[in-house]
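Participant: predicted structure and sequence below. I'll ask about it afterward.
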Amino acid sequence: MSRIQPWNRVWHVGLRWILSTLLMGSVWAASDFDQARKAYEQGNQEEAVAGFERSLRGAPGGVGVLYNLGNARFRQGELGRALAAWRQAEWITPRDPALRHNLDLIRRRLGQPEVAFWRGWLGWLTLDEWAVSAVFLVWAWSGWQLLVGIRPGLADSGSGVRRVLGAAAALVLMAWVSDWVLIYRGPNAAVAGKEGAARFGPLDESDIAVNFPDGTEVRVEQSRNEWVRVVDAEGRGGWMQRLQVAPYHPRIP
């Protein structure tokens with residue numbers, strides 16, 4: 001027993017240190033968020049943005065923090081970074097009405113076309129939610145097939161159930177694949193700045209290929225040191241400095 005006690009003490013000390021670190025991190029994040037909200041309400045958007053960003057580092061993926069960060073960025077006139085914050089929150093809570101309202105508002109401000117109905121329908125669920133729904137329906141259809149194999153008498157009376165489950169599983173599977181393609185082949189960042197110069201090469205001396213206005217949604221395809229290569233929905237692109245691009249999807253090269 002005496003040989004185990006020292007290890008127990010080490011274990012308990014380590015566990016207490018981990019728990020206290022996590023607790024203090026949460027307290028600091030909450031404190032930063034409260035201070036940022038106060039600054040936002042007082043009209044000090046620069047301090048609010050700094051506070052929300054500190055809070056976000058303490059609680060990555062916080063939807064409330066991202067939503068408020070986008071609001072503060074929007075009030076500052078940083079439309080690209082506001083769009084990026086709201087789009088990042090959209091990956092987590094796509095059905096939030098306030099978030100959808102803000103995204104519609106900023107798209108109109110940027111002169112972007114309305115989201116197509118089928119894209120909005122696909123965006124109603126997250127990619128994980130589509131995947132879980134597809135797996136559930138496939139298993140339900142497979143289970144019914146297995147049950148019919150055990151009890152053939154159900155084949156005629158339950159043919160409608162089989163067709164409905166099969167059609168629903170196929171539809172949801174197609175929706176999941178389509179959503180995956182949109183996410184991994186669509187835009188994943190926004191141009192941040194009054195005018196972003198995309199160049200033919202990753203050098204300041206390279207000629208400008210195209211100038212993107214603030215808030216243009218682009219896809220980051222490559223990364224090289226402090227430069228990223230981006231392409232917009234029309235296929236125009238070039239190399240931009242990393243600071244000129246605000247990513248909003250976690251899988252950025």
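Facilitator: Yes, it's here.

Participant: touching the helix or strand Arg75 falls within from outside, list them.
Facilitator: Mapping Arg75 onto the secondary structure by DSSP states H and E places it in helix 63-76. Outside helix 63-76, the residues within contact range by CB atoms under 8 Å, 6 or more residues apart in numbering are 33, 36-37, 40, 45-46, 48-49, 52-53, 55-56, 59, 79, 81-86, 88-89, 92-93, 96, 98-99, 102, 106. Yep, even glycine has a C-beta here, placed from its N, CA and C like the rest.

Participant: so which residues of the stretch 151-253 of the chain form strands?
Facilitator: Assigned strands in the stretch 151-253 of the chain, in chain order: 189-191, 195-199, 208-213, 217-224, 227-232, 237-241, 245-247 (criterion: DSSP state E, counting those that start in this stretch).

Participant: which one of those lies nearest to Glu114?
Facilitator: The minimum distance between Glu114 and the strands of the stretch 151-253 of the chain falls on strand 217-224, with 13.9 Å, by CB to CB.

Participant: ok now the closest one, how far from the chain's centre?
Facilitator: Relative to its chain's centre, strand 217-224 lies at 16 Å (CA atoms, centre = their mean, to the nearest Å).

Participant: among the strands of the stretch 151-253 of the chain, which is nearest Ser133?
Facilitator: Among these, the nearest to Ser133 by CB to CB is strand 217-224 (26.7 Å).

Participant: name every strand pairing with the closest one and say which way it goes.
Facilitator: strand 189-191 (antiparallel), strand 227-232 (antiparallel) (DSSP bridges).

Participant: give me whichever of those is most buried.
Facilitator: With neighbours defined by mean count of other CB atoms under 10 Å, none of the strands paired with strand 217-224 is more surrounded on average than strand 189-191, at a mean of 27.

Participant: turn the strands of the stretch 151-253 of the chain into a markdown table, including mean pLDDT and distance to Leu137.
Facilitator: What follows is those, written out as a markdown table (pLDDT from 0 to 100; distance: least, CB to CB, whole Å):
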| stretch | mean pLDDT | distance to Leu137 |
| --- | --- | --- |
| strand 189-191 | 95 | 33 |
| strand 195-199 | 90 | 43 |
| strand 208-213 | 94 | 41 |
| strand 217-224 | 92 | 31 |
| strand 227-232 | 95 | 35 |
| strand 237-241 | 95 | 39 |
| strand 245-247 | 94 | 33 |
